[in-house]
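[1] build me a structure from this.
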Amino acid sequence: MKLRLGLSVLSVLCILSLRPTLAREWTDSGNRKAEAELVRVDGASVVLKKPGGKVVSVPLSTLSKADHQFLAEDAVRQGKLAFEKLPAFEKEDFDLAVTCFNEAIRIKLDYADAYFNRGKAYSFKGMSDKAFADYNEAIRLDPKHAKAHNNRGNIYFDTGEYDKSFADYNEAIRLDPKFAMAYANRGNIYFNKGEYDKSFADCTEAIRLDPKLALAYIGRGMAHHYKGGFDKAIEDYTEAIRLDPKLANAYNNRGSAYLNKDEYDKVISDCTEAIRLDPKHAGAYTNRGTAYLYKGEYDKVISDCNEAIRLDPKNDIAYASRGVAYQKRGERDKAAAAFAEAKRLRLEKSKERSRSYPGE
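    I've put the predicted structure just below:
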């Protein structure tokens, strides 16, 4: 194999060397072979280090399909490392991840896993449209990519396309019957449809497959919760918090369960922690406001409900609680306006639910 001498400045992007420096055999289009370590991919060239330490540059186009596959897989590995909080990084770096996955796709256009992982990075960056396009391409290239189906299902769920979301979760489970997260996600669909027994079953299966999946405990807790099993719900929410103390939803949901048990100080404590973790959590403000209502602290009720409504203008419960607080303070006109808005929003939500779930 004829190797051209050349050495480029090391980029601070995808070519950060987090990979182990292992030698492998490289093959060119003429089937000539050479042993060398990968240093980096530099545009249209691959920089290698030969035994003895000599650094050479080889045109990417002259390397074999197996070499292209190796390089694409290596770029994906680098991208995964970039957003997994390794000691080499001070914070999750999704831009670096996207750069690495772009490199993998440039090297091998039909690499489904590169599109999937780039979609995942876009999701973390809040770029849902780009994530959705990448998940679609991953599925087109590899229809058996269970994780791509699951993640596309998440986007469908977030946009209110529940039937499509449900179909993707089903497909993910069919392709990988041990995919715990897909069961938990499908359980969430069942929960939103009011099918709490099915939600409970899916979340329980997710926990069996992955006992450390905190989101599955939240899902099962919600099923217990809406069936009136508040103590069991609290147990599941508490386990979710133990597994992941940064889950604002787990604190809020446990607070909601305590609310049903009239333990208002615990409600306030949990919802305050949820708000600390996620200052935009409208539900936590709503639940804390309701706890203050039962404690007769009407100024705090109005303050929390105002914030809940600012964050979620369709929050009928916050309007209703604010209405009660105004009523208790003798502000009848404000109370009447709040109650009227709560009633309007409830009617609107009822119509939306009837459109969203036509049945399986």
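[2] so how far is Ala23 from Gly219?
    Per Cβ to Cβ, to the nearest Å, Gly219 is found 47 Å from Ala23. Backbone N, C-alpha and C define where each C-beta goes, glycine included.
[3] which of the two has more neighbours?
    Gly219 (29 against 13; other Cβ atoms under 10 Å).
[4] okay, and the more buried one sits in which element?
    For Gly219, the element it lies in under DSSP states H and E is helix 214-226.
[5] what residues of that helix count as buried?
    For helix 214-226, burial by neighbour count (16 or more other Cβ atoms under 10 Å) applies to 214-225.
[6] quick check, nearest of those residues to Asp278?
    Ile218 (13.8 Å; Cβ to Cβ).
[7] surely that closest one touches Glu239?
    No. Using Cβ atoms under 8 Å, Ile218 makes no contact with Glu239, being 9.3 Å away.
[8] can you lay out the buried residues of helix 214-226 as CSV showing pLDDT and distance to Val41?
    Listed next are the buried residues of helix 214-226 as CSV, based on pLDDT from 0 to 100; distance: Cβ to Cβ, whole Å:
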residue, pLDDT, distance to Val41
Ala214, 97, 37
Leu215, 96, 36
Ala216, 98, 39
Tyr217, 98, 42
Ile218, 97, 41
Gly219, 97, 42
Arg220, 98, 45
Gly221, 98, 47
Met222, 97, 46
Ala223, 97, 48
His224, 97, 51
His225, 95, 51
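[9] list just the nearest of the residues you listed to Glu103.
    Leu215 (31.4 Å).
[10] per-residue confidence for the nearest residue to that closest one once chain neighbours are set aside?
    Nearest non-adjacent residue to Leu215, counting by Cβ to Cβ, 6 or more residues apart in numbering: Ala184, 5.4 Å away. On the pLDDT scale, Ala184 is placed at 98.
[11] ok, now Glu161?
    So Glu161 comes in at 94 (pLDDT).
[12] what about it, how many neighbours?
    So Glu161, with other Cβ under 10 Å, has 15 neighbours.
[13] from Ala223, how far off is it?
    Using Cβ to Cβ, Glu161 is found at 23 Å from Ala223.
[14] next one: Lys144
    For Lys144, the distance to Ala223 equals 30 Å [Cβ to Cβ].
[15] returning to that earlier point: run a quick neighbour tally on the residue nearest to Leu215.
    27.
[16] same deal with Gly52?
    Neighbourhood size, Gly52 [other Cβ under 10 Å]: 5.
[17] same deal with Lys108?
    Counted with other Cβ under 10 Å, Lys108 comes out at 20.
[18] next: the one 3 residues further on.
    Neighbourhood size, Tyr111 [other Cβ under 10 Å]: 23.
[19] for the biggest helix by length in the chain, name the packing helices and strands.
    Ranked by residue count and defined by DSSP state H, the top helix of the chain is helix 332-356. Secondary-structure packing of helix 332-356 (3 or more Cβ pairs under 8 Å, 6 or more residues apart in numbering; DSSP states H and E): helix 316-328.
[20] convert the C-alpha atoms of the helix it packs on to CSV, please.
    Taking C-alpha atoms only, helix 316-328 is exported to CSV below (Å, rounded to 0.1, in the frame of the first residue of the first chain):
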residue,chain,number,x,y,z
ASP,A,316,-58.0,24.5,34.4
ILE,A,317,-57.1,23.2,37.9
ALA,A,318,-55.0,26.3,38.6
TYR,A,319,-57.9,28.6,37.4
ALA,A,320,-60.3,26.7,39.7
SER,A,321,-58.0,26.9,42.7
ARG,A,322,-57.4,30.5,42.1
GLY,A,323,-61.2,31.0,41.9
VAL,A,324,-61.7,29.4,45.3
ALA,A,325,-58.9,31.6,46.8
TYR,A,326,-60.5,34.7,45.4
GLN,A,327,-63.9,33.6,46.7
LYS,A,328,-62.5,33.0,50.2
